[in-house]
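1. Test case, fold it:
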Amino acid sequence: MKLTDFFIKRPVFAAVVNLIIFAAGYEAVQSLHVREYPRSDIAVISITTAYLGASANLVGSYITAPIERVVSSAEGIDYIDSTSTEGLSTVKLHLQLNQNPNAILSQIQTKLAEIRNQMPPEAENSLIE
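-> Numbers count the residues shown, from 1 in each chain. Sure thing, here's the model as predicted:
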């Protein structure tokens, strides 16, 4: 006797088995601890430097490029995004997950202090957030 013949001859038993399987599946789904949007803290450090009166090309070559060069060697950085506009340089450091942002911020501040004398004197001090 095949399994299908067994259930065809006993439709009530087949319905009960289906209900048990459905109830077990429903209970399993309800007990899963899944969030629709998992919590992730994506840390970003922003370095903004004003160089008033300078063109975007000058800002890019004298402010943005040196900052990118020194901060790229810091550990824990996923990628760097920078923008040079007229009179303003913005460099955003996107940190890797599970990194200590305060430790990386300390590294960045130290590295920026080292290259401050290489930047034009008209450039303002970098604002790090």
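2. Report the separation between the residue nearest the centre of the chain and V91.
-> In the chain, the centroid-proximal residue (C-alpha atoms, centre = their mean) is I42; its distance is 3.9 Å. Using C-beta to C-beta, to the nearest Å, I42 is found at 17 Å from V91. (Glycine included, C-beta is placed from N, CA and C.)
3. longest helix in the protein, by residue count?
-> helix 11-31 (DSSP state H).
4. ok, and what's touching it?
-> The contact list for helix 11-31 (C-beta atoms under 8 Å, 6 or more residues apart in numbering) reads 7-8.
5. rewinding a little: if I look at the residue nearest to the centre of the chain, what pLDDT would I see?
-> On the pLDDT scale, I42 is placed at 73.
6. what sits up against the following helix or strand past the longest helix of the chain?
-> Next helix or strand after helix 11-31 toward the C-terminus (DSSP states H and E): strand 44-50. With contacts defined as C-beta under 8 Å, 6+ apart, strand 44-50 is touched by 63, 67, 71, 87-95, 101, 104-105, 108, 112, 119, 123-129.
7. Just the ones of those residues in strands?
-> Members of those lying in strands (criterion: DSSP state E): 88-95, 127-128.
8. Check whether I77 really touches K92, as I assumed.
-> No - at 10.3 Å, I77 and K92 do not qualify as touching, with contact defined as C-beta atoms under 8 Å.
9. which one of these two has more residues nearby?
-> For I77 versus K92, neighbours defined as other C-beta atoms under 10 Å are more numerous around I77 (18 against 15).
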